[in-house]
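Participant: sequence first, predicted coordinates after that:
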Amino acid sequence: MLTNFKQQFIATSEANINVFMSGKGFPLLLLHGYPQNHFIWHKIASRLAEDFTVIVTDLRGYGDSSKPKGDPDRSNYSKRAIARDQVEIMSQLGYEEFYLVGHDRGARVAHRLTLDYPEKVKKLALLDILPTYDLYKTSDQEFATAYYHWFFLIQPYPLPETLISANPEYFLRHCLQSWSQDFSAFTSEALAEYIRCFSDFATIHATCEDYRAAAAIDLIHDELDLTKKIQCPVLVLWGKKGIIGQKYNVLSTWQKRAINVRGMAINCGHFLPEETPEETYLFLREFLED
């Protein structure tokens, strides 16, 4: 559904990943977040493909990629495992170095990928997140109220799966509406694609496992790497009207996690690539071409 992008499925050592590719130039990998899929990039991917070879994927558990049942220790939905999928994909496509951009859950995968494979990522852009470890360890009433889903989705199977599957379209629309500042930013085509994928019980389960992993094995991995800093240049963008931008000092937090960070708030909610595609595109292009 991305204009002029070629679709293929690439088998990694643990999953079968839905991949779209177009463009020319240095490779650029785009990773989406919850509760969406690759289509979040539809307003800017083609423009980025004018200057870069753009690779867009559905993360493991999302979209049309594999949705395995969660392991007891959540290891197969750890950000480390999901990042490994992406590294294997890029390697199979012939790219051992690349630029990396992630939004929401995809940004958390991108953070882990850059720590685990520092030689792979030449530049990193993170959209509207703070480190998972920091958010859990500083959680308070304000954060828990805004990010209630972090605590709902980690409840034991099958509680959240059962409740969400009773009306997945309602839950998805509620998430998009409550986390954005302009629901009209989501086109009818995008909504149809998100609803199609999210209506699959396997997707609901897999995405719950993503969050369960974040509150379990991911925290173990993160704690072991608290002193490890990202070495490549980092761009951090966040929505001025979202909880991350309103509650936290985003730039200062990431400066503790990387040696070279720049950042900017954009006048929108959580979904930068869809709410403010022009500004998001321009900031990304300037950073990647610098």
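Facilitator: Received the coordinates, thanks. Residues are numbered from 1 along each chain as shown.
Participant: shouldn't Q7 be within a helix?
Facilitator: No - looking at Q7 with DSSP: H, G, I helix; E, B strand; the rest coil, it is strand, so not inside a helix.
Participant: check which helices and strands the helix or strand hosting G102 sits against.
Facilitator: Per DSSP states H and E: G102 is located in strand 98-103. For strand 98-103, the elements it packs on are strand 27-31, helix 105-116, strand 121-127, judged by 3 or more C-beta pairs under 8 Å, 6 or more residues apart in numbering; DSSP states H and E. To be clear about C-beta, it is placed using only N, CA and C from the backbone, and glycine gets the same treatment.
Participant: could you dump those to TSV with mean neighbour count and distance to C197?
Facilitator: TSV is the format used below for those (neighbours: other C-beta atoms under 10 Å; distance: least, C-beta to C-beta, whole Å):
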stretch	mean neighbour count	distance to C197
strand 27-31	25	16
helix 105-116	25	14
strand 121-127	24	20
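Participant: with mean pLDDT added, can I get the ones you listed in a markdown table?
Facilitator: A markdown table is the format used below for these (pLDDT from 0 to 100):
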| stretch | mean pLDDT |
| --- | --- |
| strand 27-31 | 99 |
| helix 105-116 | 98 |
| strand 121-127 | 99 |
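Participant: out of those, flag the one nearest N167.
Facilitator: helix 105-116 (22.1 Å; C-beta to C-beta).
Participant: packing partners of that closest one?
Facilitator: Using 3+ C-beta pairs under 8 Å, 6+ apart, helix 105-116 is in contact with strand 27-31, helix 79-92, strand 98-103, strand 121-127, helix 217-224.
Participant: quick check: angle from it to strand 121-127?
Facilitator: Put simply, helix 105-116 runs at 150 degrees to strand 121-127, going by axes from the mean of the first three to the mean of the last three C-alpha atoms, to 10 degrees.
Participant: chain center to helix 105-116: distance?
Facilitator: 8 Å (C-alpha atoms, centre = their mean, to the nearest Å).
Participant: go on, stretch 49-68?
Facilitator: Worked out by C-alpha atoms, centre = their mean, stretch 49-68 lies 10 Å from the chain centre.
Participant: what's the end-to-end length of it?
Facilitator: End-to-end span of stretch 49-68 (C-alpha to C-alpha, to the nearest Å): 31 Å.
Participant: okay, buried residues for it please.
Facilitator: 49, 52-67 (16 or more other C-beta atoms under 10 Å).
Participant: separation between D128 and T187?
Facilitator: Distance, D128 to T187, using C-beta to C-beta, to the nearest Å: 20 Å.
Participant: neighbour count winner among those two?
Facilitator: D128 (27 against 13; other C-beta atoms under 10 Å).
Participant: I figured that one was touching L237, is that so?
Facilitator: Yes - counting by C-beta atoms under 8 Å, D128 does reach L237; the two are 7.0 Å apart.
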